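Asker: quick one, what's the 3D model for this:
(3 chains)
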Amino acid sequence: MTDAEKIEKIKRLLGDKILEASNPAVRRVFLTVAVKDLVAVVETLKKELGLWFICTVSGLDKGDAYEIIYHFGDTPGNVNVRTRIPKSDPHLPSLCAIIPGNILYERELQDMFGIVVDGLPDPRPLLMPDDWPAGQYPLRKDWKFDRPQEIIPGGKS
Amino acid sequence: MAAVKTLLYLLVYPGLIFLFVYSTFCEWFDRKIYARLQNRMGPTHTGRFGLLQPVADFFKLMAKEDIVPTRADKTIFTLLPIFGLAVVATAGMLLPVWHFDPAVSSFNSFQGDIIVLLYLLSLPTLVFFLAGWASTNAFSIIGGTRVLTMLFGYEVPLFLSVLSPALLAGSWRLVDIARFYQARPSLLLLNVIGFVVAIVCVQAKLERTPFDIPHAETEIVGGTFTEYSGKKLAFFRLMTDIEMVVSAGLIAAVFLGGFGGGLVLGFLQFVVKTLAVIFLLSLIRAMSSRIRVDQVVSVAWKYLAPLAVLQLLVVILIKGLVL
Amino acid sequence: MKFQIPIGPQHPALKEPISLRMTVEGEVIKGVDIRLGYNHRGMEKLAEEKSWIQNIYLTERICGICSHSHSTCYVQGVEKLMEIEPPRRGLYLRYLVSELERIHSHLLWLGVAGHEAGFDSFFMYTWRDREVVMDLLEMISGNRVHYAINTLGGVRRDIDEAQRQKILDGVAVLRARSEYYFKIGANEPTFVGRLAGVGPLTKQEAIDNCAVGPVARASGIARDVRKDDPHAFYDEAPFDVCTADSCDVLGRTVVRIKELFECYRIIEFILKNLPAGPVAVRAPRRAKPNEVVSRYEAPRGENIHYIVSNGTEKPERLKVRAPTLANYPATVVMLRQGFIADIPLIFAAIDPCICCAERTVELVNARSGEEKTVRFSELRRLADERFKRQTVKRNVEWPL
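Answerer: This next block holds a predicted model:
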């Protein structure tokens, strides 16, 4: 179905759970939902529209909130579901009960942004080393890395 | 005088030095055939045509550092390569190449020496298992268990198929078997099935593709040889080479009519026939992929063992009806 | 007797470091533990510090074999952000290199599969033929591996008539060789015996674990980004999505060989219909604040880049998800109840490009300032769960 039909059907099924829907380019549909409706929306999308394939989950640091986008792959095109969570209380419900393959992406969000994903079947950090100091979340905008001075033994520094 | 002669036999010919030279030559031959079949060059630069490559490999390994794992039993770990080399070299002495006096039983040609040869050739399998076990490394232990699992598959067909021509010839002495077939070369055709079965089983004994499971590089790193390095690994590799020569010699002696014709002609026949067998083994190596250890056992018992029994039946029938 | 064998991080079966800890009983695998991250380089954070053009260089170095796929995916997205449209000839050349890269990657994979199965002759032959492709790529771009042919707005080099003819000849040779490999692969009993029934992944498991690429296509899921999201050129090129139904490593091999033939078709189409004209347009330095999702079918599966711009000459966010990362949960499912002997084959069958899978964020060791490969925590332990396996077809036909 075309993008317009997709948006039409989604709006019909989910009504006011969809805060915003846009179609900025061919085969790209962007939806915005609130965090509390996220699980219900994804379940409906999977059952009614057959969106079982999550390409990935991106996080973005927007200053005072995190924007999480779930990219679903569809035939044709793709559907992206966006949600916002405040930085002061970064909690996100896990979608692994609906789509088990989502686990790696959610664990990555935990590592990179410090978002807490509730209900993960395996909440261990995915990417950071075992001796990574707590509280350091590299993909936040305020996380800067100071490269220490390079020391060349026997040469100029 | 006899003592000096025995010493010469043990050390020079058909003892260690001859086996060393000949087995490195056979390894070169095998590697070259394998490479040319794969559209590559193989050993080329060391010595003329790369003939000295296996020798160079041996000496390089002798010069490398020898590491023994801390938890391994040092005595067994060190003794195994030496023991293995001794076993196959002893087996090498039993091949009927040298001009034997067939009437007299000497220490290297006696009634029943084919059984002794087969026994000595199955000892290296035990050596490999112990080597894997003594290494106390997960990969080596798996390699060792695989070696023994394969033994359950190929040993029985090998014994049956090698002993069938012996039954037909009516003797357990390699020289007598060879002479029997030299006198009646047409009877060699009766043993074709056994020849095929023996080639496949020998490929399994030597742990070459498709049966190189115990030291499958991509699966368990080095298998039984993972922890061995330096001189011990050099001895193990020499042991596998000599094992190849001895097995090829056994097959040639029993299935291809032995090495008669006196000193020079006999030696020439030995070289030609063993190289022919090794050529067949290399061909199989280049043409197939590795099979799993459970598949080895099932293939061996489903196909090889019945064929070997069939060969035995053929021999018994012919012997009973005709001879 | 249960004990653990570590496969990796250093192991002859793995081309890149990853740690798989297998709990085995005899020869049967009871549990798998994947630990990721030995190849972590911190590309995404780094991409925020570099300009749009510099990021092409960066995304190309995410991986060696699929370098062009990452840079193409990135460039596709950025061209949308900048609202520029590359000329037709540039597009055709860009996707010509893509298909050549796909051929090169699949031939490499065939060799690796042969080597993992112990079939070294097959390995030597396929890699010898890979040289044909690499020579063609060197002729087009100057490099055998990182082609560096993409630029914002098109490609950097053009081909002339003689080169075009050479590519057609090379493809004809490769087509003959691929048919030969197809015959060997189908008829060599030891090889097929190693591949059939190994590493099963049913269709439902593939759906649950979001598998991509030939792994998903071998389980009967007909998804190919070139058909689902045809970017600019693939809606004109004639090709079919290749699937297989056997859900095992043999199916994945069949899918890849079939894709080789499709690649030859596409390349011949490109070369016969190459439009004349310029190969690139000029790109602006900045992009308006916007976001774009760019998807591309790499040889290993679906590659997705999510790029956000904020009006400056550096991106606000570049999120890369390489196909191998998407296949890891499926790999855990596939490895269970297999034999040790099958581990390298199963793992190789997802065509792992581990460097692709792990470049999320900067990981430098703050103490010494040097880049260190660091250990990651465990992925998950599923040893106590057993999924029932559906019966999979063992004797597959090899339809062409």
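
Asker: flag the shaky bits of chain A, pLDDT-wise.
Answerer: A:129-131, A:148, A:155-157 (pLDDT under 70).

Asker: how close does residue A:78 get to residue A:96?
Answerer: 21 Å (Cβ to Cβ, to the nearest Å). Quick note: C-beta positions are derived from backbone N, CA and C, even for glycine.

Asker: let me fix that, I meant to ask about residue B:67.
Answerer: Counting by Cβ to Cβ - residue B:67 and residue A:96 are separated by 46 Å.

Asker: show me which of the two is the more surrounded one.
Answerer: The residue with more neighbours, out of residue B:67 and residue A:96, is residue A:96; 17 against 11, by other Cβ atoms under 10 Å in any protein chain shown.

Asker: assign a three-state SS to the more buried one, would you?
Answerer: coil (DSSP: H, G, I helix; E, B strand; the rest coil).

Asker: go ahead and confirm it touches residue A:104.
Answerer: No - applying Cβ atoms under 8 Å as the test, residue A:96 and residue A:104 come out as separate, 10.1 Å apart.

Asker: what count of nearby residues applies to residue A:80?
Answerer: The burial count for residue A:80: 20, using other Cβ under 10 Å.

Asker: does it count as helix, strand or coil?
Answerer: Residue A:80 is classified as strand under three-state DSSP.

Asker: quick one, what contacts it?
Answerer: A:28, A:29, A:30, A:31, A:69, A:70, A:71, A:72, C:293 (Cβ atoms under 8 Å, 6 or more residues apart in numbering or on different chains).

Asker: would the fifth one count as being in a helix?
Answerer: In this case it means residue A:69. No - Residue A:69 is assigned strand when assessed by three-state DSSP, not a helix.

Asker: buried stuff in stretch C:300-311?
Answerer: C:300, C:301, C:302, C:303, C:304, C:305, C:306, C:307, C:308, C:309 (16 or more other Cβ atoms under 10 Å in any protein chain shown).

Asker: do me a favour and average the pLDDT over that stretch.
Answerer: Regarding stretch C:300-311, the rounded mean pLDDT is 89.

Asker: now stretch C:342-353: mean pLDDT?
Answerer: 75.

Asker: ignore what I typed, I meant stretch B:142-154.
Answerer: 85.

Asker: residues near residue 127, how many?
Answerer: Answering for chain A, as no chain was given. 23.

Asker: wait, chain C
Answerer: So residue C:127, with other Cβ under 10 Å, has 17 neighbours.

Asker: got the contact list for it?
Answerer: Residue C:127 neighbours (Cβ under 8 Å, 6+ apart): C:107, C:108, C:111.

Asker: and if we set it to 10 Å?
Answerer: Neighbouring residues of residue C:127 by Cβ atoms under 10 Å, 6 or more residues apart in numbering or on different chains: C:107, C:108, C:110, C:111, C:112, C:114, C:115, C:134.

Asker: wait, the third one touches residue C:185, no?
Answerer: Yes - with the criterion set as Cβ atoms under 10 Å, residue C:110 and residue C:185 qualify as a contacting pair; they are 7.8 Å apart.

Asker: between the two, which contacts overlap?
Answerer: Common neighbours of residue C:110 and residue C:185 (Cβ under 10 Å, 6+ apart) are C:122, C:253, C:257.

Asker: near chain A too, which of these?
Answerer: Contacts with chain A within the shared contacts of residue C:110 and residue C:185, counted by Cβ under 10 Å from any Cβ of the partner chain: none were found.

Asker: so where do the helices sit in the stretch 101-250 of chain C?
Answerer: Using DSSP state H, counting those that start in this stretch, the helices of the stretch 101-250 of chain C run over C:120-141, C:161-187, C:189-195, C:203-208, C:213-217, C:225-228, C:249-272.
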